[in-house]
Every structure is written in C-alpha cells, then in structure tokens.
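Colleague: got a sequence here, can you model it:
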Amino acid sequence: MRWLVAILWVMPLLAQNVQADLIWSAGWVATGSPAGGVIENGAVAVQGARILAVGPRAEIEARFTATTHLDQPNAILAPGLINTHTHAAMSLFRGVANDRKLEDWLQNYIFPAEAKNVDREFVRWGTALAVLEMALSGTTTFTDMYYFEDTVAEVTKGAGMRAVLGQSLIGFPAPDFKTPEAQLAGATAFLEKYSNDPLITPAVAPHAIYTTPDETLRAARTLANRFQKPLLIHLAETKTEYDEARQKRQKTPTETLNDLGVLNGRTVIAHGVWLDDSDVAILAAHSTGVAHNPSSNMMLASGIAPVVKLLARGVAVGLGTDGPAGSNNDFDMMEEMDLAAKLAKLAGNDPSALSAEQVFSMATLNGARALGMQDQIGSLEAGKLADIISVRLDAPRATPMYDVYAQLVYALKGSDVGDVMVNGRMIVRNRVMTTMNARVIQSKAAEYRAKIAASLAR
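Modeller: Below you'll find the model as predicted:
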C-alpha cells in the first residue's frame, strides 16, 4: 500500500510549474538518503508539511513555482536531527551530582532531588528550556521518558517540535502518579489523547528492569501494543545491572525482557552497553531500536556500547543525549555524532570502525528507523515530512570543506545551525527561536536554580 501512496504523491510532481510554498536552496544538500547522497548547489521544494522534491537547484527551480525562495549558498541543508533518548525536564538539574556512578547518582542524588522538586510546573519549564536548546542545535525530533508527559506534549507542540513522549512507569511513588495502577491509567489517558497527533507520538516508558516490577513491565507491553505505539526502556546500561540480573535471575537484562515478552512490539532501548552476542541476536530478531548515548555512557563510566556489532546485525541504532544532571549536561546532537564516531574507533582500535556518514545516519535516518518513523522523517526525500535544518559555513572551522558528512560530524557544532523547520514550519530563523520566548525561559530557569539549590542543601 505504501508504494501506491508514494506513486500517487510523486506523479503530479513530474509536471512542470508545480506550485510550492517554499524553494529552499543551499550550497550543499545532505539528503541523508542512500539514493540521494549529497547534492552540490541543491534545493528542496516544500508544500505544507511535506517535501515535494529534492535535487539540483536548477532542476527544482525549473519544475516548481514557489511563493517564497530562501537561498543559502554558504550553508548545508540536512534532515533534522533525531534525539532518540533524553529526559527533557531534567535540564533544570543541569550540573547536579556530577562525576558519580549511575547507581549512586540515581539513588542518592537524582531520585531525592526529584522527590523534592518535580511537579507539573517544573516539567513545564524544564521542557521549555530543553526544547529551546535542542531546536537551536538542530534537533527536530526528540524521544522523552519522564513524568507529566501531557505537559511535555503541550510545551513541545507549542514550540512546533516533533517528539516521541513516554509516560514513565516506575516501582515507587512518582511525582505524577503514586501507584502502578495510577501510572498505567495515566499512561492510557496520555495514549488516548495523542494517538493521532501530527507532532506527538505517545509511548509507554517503564524505567528499567531494576526499578519496575515484572507485572508492570508486562502491562506496559500490553498497553503499548493495544495502541500500536512504542515502548521505551533503559536496558543493560551498567555492569552492575548486568551482574545483578545474572545473579538474581540467571539471565542477562536483555534475556529478562525477552522472556517477559516486553520486546514483542515496537521497542526502543536506551544505552544497550552490556550486551553479549546472544543479546544482540535477540534485539535483531525483534527489530528492537537502540538509542546509543556516548556522552552519558562515558560521563558515568558505564562502558562502551557494541554499536558496530549491532549495526552489522541490522539493528537500528540511533543517537541520544540522555538527560542533563550529571549524565550529560547538554542536548547537543552534533556533539553526540562526533563522540559516537570517535568512541567506536577507540573501542575497536580501528579508525574505519564507524564512518562519518554512518554516524550522520544514526542521528537522522537510522534514528528514525529505531523509532519506527523512517517512512516519515530522517532524510530529505519527496513525500516525507519537511523537517529540515540549515548548517552555516561561515565559521573558521567550516572551511575548507572536502567531505560534507565529515564536516558535519567532526568539525561543525550545534551553534552552527542557522535555521530549523519542523513539519513545514520554520521554528528557528537566523539562530532565533521564533516560537518561544528565550528570555522568559532562561529567567525561569534561574528561579528554579535557586529553589533547587536550597532543597539540596536541606
């Protein structure tokens, strides 16, 4: 059926003088598509929320008539970046409890800080701060696991951002819902509200096997499958988690999820550091997506995920920043690309282990595959949603350029992103967020800093 829809979409575009809303041209277009490659002096035609066509500028301008033309000869057009794992509202904990192992960080610092501070307004302003930072550094879709996800959705939609939002389930009273039954009821209501939203994909997010009871894990899978939505979960992040599962269950964490039936449906696991060969085979057999978080894994000394092995087995591996507060203190996906490539090279003692183009795909099309959204986002192709960024080439680090993908991954930074379009709507123009008030958001963040610091001192 998809091929028929694609044909019906493309056929009218073969004619000349097709009306478009926008023709966006640039010195280079990095399509993110294996077939499209990189187009020098290229252009993208957009109508409404979707891409009409991608190709050489002369060809696009001959075929389409546009209401608006935007020409950026000193920039790269690229698909919007996809952050496959984060906790957006934790931006307000940025810098709390650095330089600690995960178990110490969670149990002794973050969970107590959340108990004292997290409510709906905390989530509102923490999400706003995160969305502002993500958009300005080129992220157009993010995947979230936290509390009060209906508020996360409200802020995200207001900013014009796209997101996969997982309502958290955890084995202790959470800031939003105090019992497993209430958590499941809340997740159900969230799924019902956003099931057909153009920007928000609702999801179910049990925290991990060591914090969520088995019966809740099974119920989470049943609920996600009922609505045909993703299940998000932390998995095999640390050696401690791996060893405890082997000791208590005589299984790896991945085998545990598999035996519980949790992987039977669209699943995205975060981290996947401690995976043996049989675990990789299980994830491949279930078409499970993996969110690789290089900054977080390094900062918490959790280990190095077997990314090359996962990709070789056909597993869809995306990139994630994780949440600020000691696991990674920013949301910069350009930085994650650079670190992912270099970490894989170091781990394998092989400079060719993971190429710039492969890593760029992890931040775009492969990330979309991990989320099950590859037919809609992740590359610049006719018929896909118009999630597009421009990356400026006017900084000294941008020149000279011989390889576009290498420049994007190894040289350019999130601060080089100039413009951001999501769903055909420009939400960042000339490095200014047009849909949010940055001054108000940063002022509120400063207010929360004082409140949180006082709570931690008690």
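Colleague: C-alpha only now, for contacts and for neighbours.
Modeller: Noted.
Colleague: so Thr145, which state does it fall into?
Modeller: No, residue 145 isn't Thr; it's Met. strand (DSSP: H, G, I helix; E, B strand; the rest coil).
Colleague: oh sorry, the question was meant for Pro112
Modeller: When the rule is three-state DSSP, Pro112 gets the label helix.
Colleague: and if you look at Val262?
Modeller: Once three-state DSSP is applied, Val262 turns out coil.
Colleague: how confident was the prediction at it?
Modeller: Looking at Val262, its pLDDT stands at 98.
Colleague: the nearest residue in space to it that is not next to it in sequence: neighbour count?
Modeller: For Val262, ignoring the flanking residues on the chain, the nearest one in space by Cα to Cα, 6 or more residues apart in numbering is Arg221 at 5.4 Å. Neighbour count for Arg221, taken as other Cα atoms under 10 Å: 25.
Colleague: verify the contact between Arg221 and Gly265 for me.
Modeller: Yes: assessed by Cα atoms under 8 Å, Arg221 is found in contact with Gly265 at 7.5 Å.
Colleague: between the two, which contacts overlap?
Modeller: Leu231 (Cα atoms under 8 Å, 6 or more residues apart in numbering).
Colleague: how about the helices in the stretch 201-350 of the chain?
Modeller: 214-227, 239-249, 253-260, 277-285, 294-299, 307-312, 333-348 (DSSP state H, counting those that start in this stretch).
Colleague: got the buried residues for the longest one?
Modeller: Spelled out, it's helix 333-348. For helix 333-348, burial by neighbour count (16 or more other Cα atoms under 10 Å) applies to 333-345.
Colleague: nearest to Ala406 among those?
Modeller: Nearest to Ala406 out of the buried residues of helix 333-348 is Asp338 (Cα to Cα; 9.4 Å).
Colleague: got the contact list for that closest one?
Modeller: 409-410.
Colleague: please apply the same query to Ile282.
Modeller: Taking Cα under 8 Å, 6+ apart as the test, what Ile282 contacts is 254-255, 258.
Colleague: may I ask which of the residues you listed has the most neighbours?
Modeller: Neighbour counts for the contacts of Ile282, by other Cα under 10 Å, peak at Thr254, which reaches 26 neighbours.
Colleague: return the distance of it relative to Val417.
Modeller: Distance from Thr254 to Val417, counting by Cα to Cα, to the nearest Å: 37 Å.
Colleague: please apply the same query to Thr140.
Modeller: 12 Å.
Colleague: who has more neighbours, these two?
Modeller: Thr140 (29 against 26).
Colleague: A helix includes that one, no?
Modeller: No: counting by three-state DSSP, Thr140 falls outside a helix, being strand.
Colleague: per-domain residue ranges of the chain.
Modeller: Taking automatic domain parsing as the domain assignment, the record places the domains of the chain at 2-79+377-423, 81-354.
Colleague: could I have the CA atoms of stretch 337-345 written out in CSV?
Modeller: Extracted C-alpha coordinates of stretch 337-345, given in CSV (Å, rounded to 0.1, in the frame of the first residue of the first chain):
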residue,chain,number,x,y,z
MET,A,337,27.8,12.4,16.4
ASP,A,338,31.4,13.4,16.9
LEU,A,339,31.8,11.3,20.1
ALA,A,340,30.0,8.3,18.8
ALA,A,341,32.3,8.0,15.8
LYS,A,342,35.5,8.5,17.9
LEU,A,343,34.4,6.2,20.7
ALA,A,344,33.7,3.4,18.2
LYS,A,345,37.1,3.9,16.6
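Colleague: point to the residue nearest the middle of the chain.
Modeller: Asn83 (1.7 Å; Cα atoms, centre = their mean).
Colleague: that residue and Ala135 touch, don't they?
Modeller: No: using Cα under 8 Å, Asn83 makes no contact with Ala135, being 11.0 Å away.
Colleague: quick one on the thing from earlier: distance-wise, check the residue nearest to Val262 relative to Thr252.
Modeller: Noted for Arg221: a distance of 19 Å to Thr252, by Cα to Cα.
Colleague: repeat that for Met90.
Modeller: With distances taken as Cα to Cα, Met90 is found 29 Å from Thr252.
Colleague: helices or strands next to the strand or helix carrying the residue nearest to the centre of the chain in the packing?
Modeller: Secondary structure from DSSP states H and E places Asn83 in strand 81-86. Applying 3 or more Cα pairs under 8 Å, 6 or more residues apart in numbering; DSSP states H and E, we find strand 81-86 packed against strand 139-146, strand 317-319, helix 333-348, helix 365-371.
Colleague: just give me how far it sits from the chain centre.
Modeller: Centroid separation between strand 81-86 and its chain, computed with Cα atoms, centre = their mean, to the nearest Å, is 1 Å.
Colleague: and Ala159, how many neighbours does it have?
Modeller: Quick note: Ala159 (other Cα under 10 Å) scores 20 neighbours.
Colleague: dump the residue contacts of it.
Modeller: Residues in contact with Ala159 (Cα under 8 Å, 6+ apart) are 131, 427, 435-436.
Colleague: what about 7 Å?
Modeller: Neighbouring residues of Ala159 by Cα atoms under 7 Å, 6 or more residues apart in numbering: 435-436.
Colleague: and the gap between it and Thr143?
Modeller: Going from Ala159 to Thr143 by Cα to Cα gives 15 Å.
Colleague: low-confidence stretches in the chain?
Modeller: The model of the chain has pLDDT under 70 over residues 1-15, 326, 458.
Colleague: so which elements touch the longest helix seen in the chain?
Modeller: Longest helix in the chain by number of residues (criterion: DSSP state H): helix 438-457. Judged by 3 or more Cα pairs under 7 Å, 6 or more residues apart in numbering; DSSP states H and E, helix 438-457 is in contact with helix 111-117, helix 120-136.
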